[in-house]
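# Pasting a predicted model and its sequence here:
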2 protein chains.
Amino acid sequence: MSRRFTAAPRRRAGLVFCLLIVCVPMMPSSAQTPPAWLDAYRAPARRLIDAARAEPAAWRRLAELTDTFGPRLSGSAALEGAIAWALERMRADGLDNVRAEPVTVPHWVRGEERLDLLAHGERPLPVLGLGGTVGTPPGGITAEAIVVSSFDDLAARGEDARGRIVVFDVPFTTYGETVQYRSRGPSRAAALGAVATLVRSVGPMGLRTVHTGGFGYDPAVPKIPAAAIAAEDAMTLHRLQDRGIRPRLRLQLGAHVLPDADSANVIGEVRGRERPQEVVVVGCHLDSWDVGTGASDDGAGCVVAWDAARLIRKAGLQPRRTVRVVLFTNEENGLRGGLDYRDRHAGELAEHVLMLEADLGFFPPLTFGFSGSAAAREIVTHIASLLAEVDANRMAPRGEGADIGPSVRAGNIPTMSFNGDEDRYFLIHHTPADTIERIAPEELSRASAAVAVMAYVVADLPDRLQ
Amino acid sequence: MSRRFTAAPRRRAGLVFCLLIVCVPMMPSSAQTPPAWLDAYRAPARRLIDAARAEPAAWRRLAELTDTFGPRLSGSAALEGAIAWALERMRADGLDNVRAEPVTVPHWVRGEERLDLLAHGERPLPVLGLGGTVGTPPGGITAEAIVVSSFDDLAARGEDARGRIVVFDVPFTTYGETVQYRSRGPSRAAALGAVATLVRSVGPMGLRTVHTGGFGYDPAVPKIPAAAIAAEDAMTLHRLQDRGIRPRLRLQLGAHVLPDADSANVIGEVRGRERPQEVVVVGCHLDSWDVGTGASDDGAGCVVAWDAARLIRKAGLQPRRTVRVVLFTNEENGLRGGLDYRDRHAGELAEHVLMLEADLGFFPPLTFGFSGSAAAREIVTHIASLLAEVDANRMAPRGEGADIGPSVRAGNIPTMSFNGDEDRYFLIHHTPADTIERIAPEELSRASAAVAVMAYVVADLPDRLQ
């Protein structure tokens, strides 16, 4: 997931609410008495869950994806290779209407990077340019560092930032709260005359682990190079400053932008038997940042969405409506896939019954978030009650997703997210450690089962979700 | 600590034994009745422990060392800066006979490094050349990878290694067992015609964490470039091979050797009041690998050894014999400091009552290892019983230390190690994550207290430790 998904202040309120309520029963009181219609779905749910748990198919597919193609940044040969591979494998799985919908995407390239603390020789510090940063001049930028603890601290130091490299050393609390220093820090520093910005990685402290991610330049101020450093190094620079030392740094970023590149959203369906024009979308994004292998962000979401459709087909189930898997492109640094889907399918959005996106990993516990009418919430909560066995019967107040966002807003479509534990997710988010080794096969199988059941039942309900 | 310390097979036996016995009371039976002489040391121990725990002095000193100088590889300006700093601060602490004993050390330089998996473009993988490796030609070495699980597996593949990059994908069990693939893997692969070697990092899986370390070239075969990769990447290459794919890699290592450099062991003492020529050495090594900041390996050992002497002096205690702190140089890639000490002090080794080294971090639980006579073991076990309050009253069967090794073997000197938990230590050992953020101030204060009490009492005993 990109900053778009969680940077908004409302996200944090949602998270806090979610954290509060996961400890208490989340079913509405009517859930105490399951409705009669639910009984018809117990047998299909049983088949889907058993099939999902019989073999680690989703994990194996994720291993093939991440081993073969690695990270999949927009514009890269790896992303286009993964798209071609997904199309081929979806067809081999027997999905319907497998196709690529062309999307033109930005092509930012990281280049070579290096950060040195200049004291007693050159001391290299791990660094990752933020996605979309401008590069430095060839010899890099050499300047003193000034370390600040907050935007208020930066403002209080005023002229101290001029000609210096501003380091934001802000400890991680929640993603929604802390990401503002990545999102807005570079231009806030530039407004005070800083020559570059380093942001303490947005995530819990790892093992000298650096988190990249996107941000936005304020067009009113100069664009300065912006990069992330490990929490450990932000703290080191801070301690040096506290001892009266002005650390000197040299930052070299080879970042540059190439012409836009061809890419595509990948689509595959289980065609509906009665009302195929009505669609339940199960989405994710196939692109990733260029570090790690985009396993939890969001390869896992893609193999689970795709596996849900495969399981429905394999179980011989054909719902009344169409289940459509969409592997979006360019979520991380452009959202062009989500925007293209909205525009290309503008005339059909009224027929979109539900859009679900999974882009927060599948580390237990699993939770469905939902935004829509109270009546619809009651129905999906009943469906989730079929998923106690795979520990996925939790509901959270809100559903959202970066890729589905443009469409659900344009079409006022019921929205669902399917999320894992945030502590484990944000430890590796946008880092070299976002690899399949973090993910247990059984965790992915449970997620596949849950999405398969949810998508199938919503697509098959006698009455359309309102 | 370097490979020398734990690579020997006997080390593993010692560890297993140690693991077995830490669950049962470790005092000899006579320890049930404390001897009368111990009572005289309860008050001094109380003062040393209280002084150590009153403020996080050792942690603050470690922060200053690691923040100011960072990693301290032999030959670097950082190591020499740290040596000058330690001399100055030891004098300020009021230690006696503070001096540098010059040592000439090897000067290996890592240079620029890069490893790419060549598939769908270039995919950079985290890499660290092993200490002492030769470099690659300027354009690097490009070859297919062959992944093996053991030396037997390598032998079974025979000619498959020729012209290829051999990847040892051996999961970590214990350091003593797994380090053989780093120590001997490069030349075993070279003997079969391999053009380079990549070793799965020797340590528990971290967060795409790479562990460097030393190794030895067999003079009978060509020297080939050797580097470590993360466990995750070794597993990825292995899975690719299992799917019938021969991954192509390009390895670029800028390693080279410069002329030997000037360095020094740093010595400071609390001079004995009755028999100053009799010496209790408390040792550690001030050099480190060039990644991380050498906080646990072995900056922590140095600040604790040094702080023990400072605490004894500060408490106004003057033992019968001399307590000598030695911050050795060049443990990691040469052991020249330990060898120089042995030769320079050859005539005095008979007056060395005990040599203690701390080089396994101070993550709880803390344990004293001891090698010496049964009578001496009984005495130091009684002394350790004074340290229950700081959770340091455990004894293990053997004492050892890389830097003190040459001297204790030459002088047949009673040997003590003071070690922390190996699981936490080897997670970060020789990695960029060996920084002070892993270490709690209270953990270091407890270690300082323990070493201060042990060193003081051994130095003050009415009868010399036999």
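Nice, thanks for sending it over. Numbers count the residues shown, from 1 in each chain, chains lettered A, B, ... in the order given.

# make it CA atoms for all contacts and neighbour counts henceforth
Noted.

# List of residues touching stretch A:237-254?
The set of residues external to stretch A:237-254 that reach it, using CA atoms under 8 Å, 6 or more residues apart in numbering or on different chains, is A:110-119, A:129, A:134-147, A:165, A:169, A:225, B:67-68.

# quick one: which of those residues sit in strands?
Secondary structure assignment by DSSP state E places A:113-118, A:129, A:141-147, A:165 of the contacts of stretch A:237-254 in strands.

# What does the pLDDT read for residue A:33?
At residue A:33 the predicted local distance difference test score is 85.

# Please enumerate the helices of the stretch 101-250 of chain A.
Under the criterion DSSP state H, counting those that start in this stretch, the stretch 101-250 of chain A contains helices at A:151-157, A:175-178, A:180-183, A:185-190, A:231-242.

# roughly how far is the second one from the heart of the chain?
Here helix A:175-178 is found 14 Å from its chain centre; the criterion is CA atoms, centre = their mean, to the nearest Å.

# Can you name the residues bridging to the closest residue to residue A:231 other than its chain neighbours?
Excluding its sequence neighbours, the residue lying closest to residue A:231 (CA to CA, 6 or more residues apart in numbering or on different chains) is residue A:200, at 5.3 Å. Bridge pairing for residue A:200 (DSSP bridges) gives the partners residue A:229.

# so what's residue A:200 up against?
A:167, A:168, A:169, A:170, A:171, A:228, A:229, A:230, A:231, A:234.

# In terms of pLDDT, where does it sit?
98.

# how near is it to chain B?
Taking CA to the nearest CA, to the nearest Å as the measure, residue A:200 and chain B are separated by 14 Å.

# Over to residue A:174?
With distances taken as CA to the nearest CA, residue A:174 is found 20 Å from chain B.

# gap between the helix or strand hosting residue A:310 and the chain center?
Taking DSSP states H and E as the definition, one finds residue A:310 inside helix A:300-314. Here helix A:300-314 shows a centroid-to-chain-centroid distance of 18 Å under the convention CA atoms, centre = their mean.

# helices or strands next to that helix in the packing?
Secondary structure elements in contact with helix A:300-314, counted by 3 or more CA pairs under 8 Å, 6 or more residues apart in numbering or on different chains; DSSP states H and E, are helix A:42-54, helix A:57-69, strand A:256-270, strand A:275-285, strand A:321-328, helix A:441-460.

# at 10 Å instead, please
Using 3 or more CA pairs under 10 Å, 6 or more residues apart in numbering or on different chains; DSSP states H and E as the contact definition, the elements that helix A:300-314 packs against are helix A:42-54, helix A:57-69, helix A:77-92, strand A:256-270, strand A:275-285, strand A:321-328, strand A:352-357, helix A:441-460.

# Out of these, which one sits most buried?
Each of the helices and strands packed on helix A:300-314 was given a mean neighbour count from mean count of other CA atoms under 10 Å in any protein chain shown, and the largest, a mean of 29, is that of strand A:321-328.

# between it and strand A:256-270, how big is the angle?
For strand A:321-328 against strand A:256-270, the angle by axes from the mean of the first three to the mean of the last three CA atoms, to 10 degrees is 160 degrees.

# Show me what the helix or strand just after strand A:321-328 is packed up against.
Counting by DSSP H and E, the element after strand A:321-328 in chain order, helix or strand, is helix A:336-344. Taking 3+ CA pairs under 10 Å, 6+ apart as contact, the helices and strands that helix A:336-344 lies on are strand A:96-109, strand A:256-270, strand A:275-285, strand A:321-328, helix A:405-411.

# Near chain B, which residues of the stretch 1-150 of chain A? Just list them.
Proximity of the stretch 1-150 of chain A to chain B, by CA under 10 Å from any CA of the partner chain, involves residues A:63-64, A:66-72, A:76-82, A:117, A:119-126.

# coming back round to it: who wins for proximity to residue A:308 among the helices of the stretch 101-250 of chain A?
With respect to residue A:308, and counting by CA to CA, the nearest of the helices of the stretch 101-250 of chain A is helix A:175-178 at 28.7 Å.

# roughly how far apart are residue A:263 and residue A:76?
Distance check for residue A:263 against residue A:76: by CA to CA, to the nearest Å, it reads 9 Å.

# which neighbours do the two share?
Overlap between the neighbourhoods of residue A:263 and residue A:76 consists of residue A:287, taking contacts as CA atoms under 10 Å, 6 or more residues apart in numbering or on different chains.

# Just list the residues touching residue A:447, thanks.
A:49, A:52-53, A:58, A:300-301, A:303-305, A:307-308, A:358, A:361-364, A:366-367, A:387, A:390-392, A:418-420, A:453.

# measure the nearest residue to residue A:461 once chain neighbours are set aside to residue B:70 for me?
On the basis of CA to CA, 6+ apart, the spatially nearest residue to residue A:461 that is not a chain neighbour turns out to be residue A:320, at 7.4 Å. In this structure, residue A:320 lies at 64 Å from residue B:70, with CA to CA as the measure.

# now swap in residue A:456 and tell me
According to CA to CA, residue A:456 and residue B:70 sit 57 Å apart.

# one step back: pLDDT of the helix holding residue A:310, averaged?
Looking at helix A:300-314 alone, the average pLDDT works out to 98.

# Could you list the buried residues of it?
For helix A:300-314, the buried set under the neighbour-count rule, 16 or more other CA atoms under 10 Å in any protein chain shown, comprises A:300-314.

# Would you mind listing what in the stretch 151-300 of chain A touches chain B?
Neighbours of chain B within the stretch 151-300 of chain A, by CA under 10 Å from any CA: A:205-209, A:230-233, A:235-240, A:243, A:245, A:247, A:290-293.

# dump the residue contacts of residue A:266.
Counting by CA under 10 Å, 6+ apart, the residues that residue A:266 touches are A:83-84, A:86-87, A:90, A:98-102, A:285-286, A:325-329, A:337.

# what's the answer for residue A:142, then?
A:115-118, A:163-165, A:195-196, A:248-252.

# ok, 6 Å please
If a contact means CA atoms under 6 Å, 6 or more residues apart in numbering or on different chains, then residue A:142 has A:249, A:250 as its contacts.

# Is it bridged to anything, and to what?
Residues in a beta bridge with residue A:142, per DSSP bridges, are residue A:250.

# again with the one 4 residues further on
Each beta-bridge partner of residue A:146 is listed here: residue A:166, as defined by DSSP bridges.

# isn't it right up against residue A:166?
Yes: proximity of residue A:146 to residue A:166 meets the contact threshold set by CA atoms under 6 Å, at 5.1 Å.
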